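Chemist: I would like the atomic coordinates for the input below:
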Amino acid sequence: MQKELSEKTELPTKEIELFPNHSDSIVYSDIVTAVRLALPAKDKDLSQIGKNLTVSKFSERENKSLKTNRKLSKQIVFASVVGALKGFGERDLKPFHINHRHIFTELGSEVLKTLEVPDSIDFISNEDKIQILKNAFDYGIRKVYHLEWKLYTSRELY
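Modeler: Okay, here's the model as predicted:
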């Protein structure tokens, strides 16, 4: 069965059960807060795309392509943020502790540079889009694991 990506996913307002095999759940308000922390640095770059659309004279097809790329970029940042929240839950860390909050800003600025995302997503299959989003999710988890190692585990060992 082929999975389809959807822009209009209805999310419950209290909690989102993203991982049915686990009893853990990620609180919706945590996702909103984390995305707000992640997007400001990157949203400036994304907003430049929008400004370029209005200033320059692109064809309608190019306009649509840039808007689609922007949507995928936001989905990638969102997937990395959800992965980071999952990583915080697995490591039993508070995601919004003063020593941890910066990770969301870093995710917003790093994930699109780290993952290989083609310039034009018009020719990417849904399977490839799903794989890109899975990689972004895993990147968020790895980022939290590295943070945990850097702040806590390495000090315990040495």
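
Chemist: show me what the longest helix anywhere in the chain is packed against.
Modeler: The longest helix of the chain (DSSP state H) is helix 60-90. Judged by 3 or more CB pairs under 8 Å, 6 or more residues apart in numbering; DSSP states H and E, the packing partners of helix 60-90 are strand 26-27, helix 28-55, helix 102-114, helix 126-148. Every residue, glycine included, has its C-beta placed from N, CA and C.

Chemist: what angle do it and helix 102-114 make?
Modeler: Helix 60-90 runs at 140 degrees relative to helix 102-114, counting by axes from the mean of the first three to the mean of the last three CA atoms, to 10 degrees.

Chemist: can you give me the buried ones in helix 60-90?
Modeler: 65-66, 69-70, 72-89 (16 or more other CB atoms under 10 Å).

Chemist: then stretch 89-97?
Modeler: 89, 91, 93, 95.

Chemist: of the residues you listed, which is the nearest to His146?
Modeler: Arg91 (10.8 Å; CB to CB).

Chemist: gap between the nearest residue in space to that closest one that is not next to it in sequence and Asn69?
Modeler: Setting aside the residues directly before and after it, Arg91 is nearest to Glu148 in space (CB to CB, 6 or more residues apart in numbering), at 4.8 Å. Distance, Glu148 to Asn69, by CB to CB, to the nearest Å: 33 Å.

Chemist: Trp149 too?
Modeler: 34 Å.
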